[in-house]
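A.B. asks: Here is the input, now give the coordinates:
(chains A, B and C)
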Amino acid sequence: MTTDGGLLLAVAVLAPFVGVMAGLALGGRFVVRVAFLTLVVGLGTALGVARALVQSGRAVVYLLGGWAPPLGVALRADGLSAVMLVAVAVVIGGIAVYARADFGMPAGTPEARAPFTFWLLLLAVWGSLNLVFVSGDLFTLYVALELLTFAGVPLVCLDGKGETLRSALRYLLFALVGSVLYLLGATLLFGAYGTLDIALLAARVRPEPITWVAAALMTTGLLAKTALFPLHIWLPPAHAGAPAAASAVLSALVVKGSWFLVVRLWFDVFPGVITRPSAQLLGALGASAILVGNVVALRQARLKLLIAYSTVAQIGYLFLMFPLVAGLDAAHLDSGSAVTGGMLQAISHATAKAAMFMAAGLVYATLGHDRVADLRGIGRALPMTVVAFALGGASLIGLPPSGGFLAKWLLLSAAVATAQWWWALVMLVGGLLTSAYVFLVVVRAMAPAEAGWSPKVRVPRYPQVAVLALALCSFLLGAAALCPVDVVRIGRPHAALVGSR
Amino acid sequence: MIGMVDTGLALLILGLAVWAIAARDTFAAVVGFVAYGLLLTLIWVRLHAVDVALTEGAIGGGLTGALLIGAAARLRATEAAALSERPGVALRTLAAVLSAGVTAALAVCVLALPVPAPTLAHEAAAHVAATGVGNPIPAVLLAFRAMDTLLEAIVLLFALVGVWSLAPDRAWGGRPGPRHHADPNGMLAYIARVLPPIGIIVGAYIFWVGADYPGGKFQGATILAAMWLLVMMSGLSDAPPIRKTWLRVGLVAGPLVFIAIGFVGAAAAGAFLAYPEGYAKPLIIVIEFALMPSLALTLGLLLAGAPQRLEE
Amino acid sequence: MDTPTLFGLAAAILVGLGLYGVIAHPQPLRKILAFNVIGSGVFLLLGAIARRGAAAGMGGDPVPQALLITGIVVAFSATAVAVALLLRLFGETGSVTLSSDAPAKADGDKPHG
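C.D. replies: All right, here's what the predicted structure looks like:
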């Protein structure tokens, strides 16, 4: 059952972990070199997995230890996994290049806490995310979630100040309760069906109370970790208080891990058991997130908090996918485009949000503050950065040819095809609100500086290039429509989401 | 039919849980929780899960209890402030309704579990012989689901990195925790001189015998870590500074050996963490031998906490 | 009702109790304690399920028992991180409240480093 290229899946997970351990043991400035070496290896592995997937046209499967489920653990990469593996590798690469400016540990400096642990935590987040994307066993996924939490929480309080410590503790408590609810659901599933393997469960699962309770518990736990409304209160202070590179990791990547798991569960473990009302409920929470997140973002005085509330809103879009797929399945229409739309939304948000947080970091360094009302002069001092912010914002709004545009186009088509016009309305209103605060920031940034003002710190060129590169990725992702192969669909079962059992 | 022992245990544990949640004084609640953990150990034995009982007693009751008692003692000063911050009736009612709902849903599920219960025992029994160990639990932990055990060791390591990242900037690289001074003629120092040699032997025995009887590296490592902590807390020895290379290499050596053997398996037996024919038991022993010191170091340091002082 | 079912129902109550504690207690240390109660409830449920799977001469299904060992260790590491974070918060600000309008810096002498 192990397919070609399967070992790459194990390497994709373990390379970052080996990087953490090598960096810890070698210490000092070596950790930066280890991180960049791991970057190359990891990106190569992700591309290798994608290539194996496209060439074989089927999912890449790997039986760990040679033991087949239900006794053993399998790693499984389908189109969704491969796409996320590559996207995360690219975003981590961009953040690493940017972070070298803040956390580079130049020659002659002793090993310092914040830079040293940042690199270790960056690699740890990467490995944990890869494990989430390729694991085929629910318990291994639980361990992956815990790894992700332990890697993400210290990033929030990296600067060691009281307020960020408080946000980190709040985040940790939410995340821990979320994981334990997930584990509870997995326990129920094992008790009912005798296996934790995703493929086997899909075959054995029946629509009965145990399955519904398990699905509800696991989804609730994961929603707490993804900060979907109304469980989103921990996110804005946590993401805004972290250093810029850390905020980028948290907003762009860490929350995508638990979201991916909801997708995995709903589409691959529980198809046929999910009811239409529950899919609509998830969509309703997403819609609330879009509206509430965007409105509150408009009222923020600080740029980083504005971007953090924008994350709350954009996470809402990720959950509109569910009622749309359910509707398409119920109407016996092809739901693949809605799934692709959701994936594109995730990736374009990841690249755009990482660029925006890093841009905010550069703004803070140059101005000494990040008050939205006083951004004048930044346009002259950091032109690349303001352009990057605008491009990222354009993707979030959904302007062509960005990935955000293509994602919203696919989701809107699905909404129209299933006559669920209310989701279309929510997306349009969300787009309008997002454009309001993006224009606000860009216009303020373009205003000329006061006479005699000069930047507090001259930021080097290369972080600005990294930010612009990520923003361009997001802005040009709409070109994915031209891709001849629908990678997202490779290796995916055709089970309908909503009740056919 | 359930007997009096089981009913008694269940009622006791529920009572202790209510105490741990509802007691006014935090320290009292924590002590109740430690007792709860010890009672849980008995329940595991009643459920025929002796390996789990050992782990619960060592890590769940022992180390977690030590951690929480230490925290409760250091946070005594915040009791007064906390009492004034009691949540409103609305929140408590919402919490009660939610909890009651979850309990009811779970109870329905427990009663609805299928009979006969699906089990993997047959499959495990069929393949245990191939792994060379007699106890099926290490067969699952180090052969069938070895990836989970590897990830578990990595989880502990990442938790330690996270704890270390909480050090104040000026103390980075220094020694964790405060310097302990116990009366050199007192009870604690006496126990710390007498117990560790015995503890080391017991820990090594539990580790060794775990292949065929309940035991194993986690339980053995916990005992070693506990002995180390005893020596540190009595002031006989100080915690090492975290910048020491031997410490860091010791921490990562176990998981790295595990991964290396995994890749050897990929080359020689066709899959990562597979064991070549006939080499399963020796390789498993090598992995456990390499992991145990790393685990003992990690567990001890997790309890010692974030670095707080540089060289004195 | 047999032993596993009894402990399964006890586990259900433990999860509910712990959930109440996490939501209702304002102090983080009590929340951590309650989280541990939820965790042990989940483990107890898994243990009851393992006992139900006793077969082939074993007292319980070894796979969930092995998962339990992993789970207990992971829960311990979670508690360790949470406690370290809590103590650092206390050391830095002098208070352990989670509400946002708390002092960001400790006034006066800090009790410990």
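
A.B. asks: And C:Leu33, what's its pLDDT?
C.D. replies: C:Leu33 is assigned a predicted lDDT (pLDDT) of 96.

A.B. asks: Quick check: which ranges of the chain have low pLDDT?
C.D. replies: Unless you meant another one, I'm taking chain A. Low-confidence segments of chain A (pLDDT under 70): A:494, A:499-501.

A.B. asks: Switch to chain B, please.
C.D. replies: Along chain B, segments meeting pLDDT under 70 span B:1-2, B:311-312.

A.B. asks: Strands of that one, start to end?
C.D. replies: Taking DSSP state E, the strands of chain B run over residues B:175-176, B:307-309.

A.B. asks: tally of neighbours for the residue in the stretch 251-400 of chain A that chain B sits nearest to?
C.D. replies: For the stretch 251-400 of chain A, the residue closest to chain B is A:Val254, as judged by Cβ to the nearest Cβ, at 13.6 Å. Heads up, the C-betas are built off the backbone N, CA and C, glycines and all. By other Cβ atoms under 10 Å in any protein chain shown, 26 other residues sit near A:Val254.

A.B. asks: ok so, going back, quick one: closest of the strands of chain B to chain C.
C.D. replies: Nearest to chain C, of all these, is strand B:307-309, at 5.0 Å by Cβ to the nearest Cβ.

A.B. asks: That closest one and chain C, are they touching?
C.D. replies: Yes: counting by Cβ under 8 Å from any Cβ of the partner chain, chain C is contacted by strand B:307-309 at B:308-309.

A.B. asks: center of chain C - which residue?
C.D. replies: Most central in chain C under Cα atoms, centre = their mean is C:Asn36, positioned 1.5 Å from the mean C-alpha point.

A.B. asks: mind checking how far it is from chain B?
C.D. replies: 7 Å (Cβ to the nearest Cβ, to the nearest Å).

A.B. asks: Return the residues in contact with A:Arg380.
C.D. replies: Listed by Cβ atoms under 8 Å, 6 or more residues apart in numbering or on different chains, the contact partners of A:Arg380 are A:448-449.

A.B. asks: ok, which stretches of the stretch 51-200 of chain B are helices?
C.D. replies: Secondary structure of the stretch 51-200 of chain B by DSSP state H, counting those that start in this stretch: the helices cover B:64-74, B:79-83, B:89-112, B:121-131, B:136-139, B:146-164, B:187-209.

A.B. asks: Make a markdown table from those helices and add mean neighbour count and distance to chain C to it.
C.D. replies: What follows is these, written out as a markdown table (neighbours: other Cβ atoms under 10 Å in any protein chain shown; distance: least, Cβ to the nearest Cβ, whole Å):
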| stretch | mean neighbour count | distance to chain C |
| --- | --- | --- |
| helix B:64-74 | 20 | 5 |
| helix B:79-83 | 14 | 4 |
| helix B:89-112 | 16 | 3 |
| helix B:121-131 | 18 | 4 |
| helix B:136-139 | 28 | 4 |
| helix B:146-164 | 26 | 4 |
| helix B:187-209 | 16 | 13 |
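
A.B. asks: sorry, back to before: my guess is the residue nearest to the centre of chain C meets B:Gly61, correct?
C.D. replies: No: using Cβ atoms under 8 Å as the test, C:Asn36 is too far from B:Gly61 to be in contact (10.7 Å).

A.B. asks: Just the closest residue of chain A to chain B, please.
C.D. replies: Counting by Cβ to the nearest Cβ, chain A gets nearest chain B through A:Gly194, at 2.6 Å.

A.B. asks: Return the residues in contact with the spatially closest residue to that residue that is not a sequence neighbour.
C.D. replies: Spatially, and ignoring its direct neighbours in sequence, A:Gly194 is nearest to B:Pro118 (2.6 Å; Cβ to Cβ, 6 or more residues apart in numbering or on different chains). B:Pro118 sits next to A:192-195, C:53 when contact means Cβ under 8 Å, 6+ apart.

A.B. asks: mind running it again at 10 Å?
C.D. replies: A:70, A:190-195, A:204, C:49, C:52-53, C:61 (Cβ atoms under 10 Å, 6 or more residues apart in numbering or on different chains).
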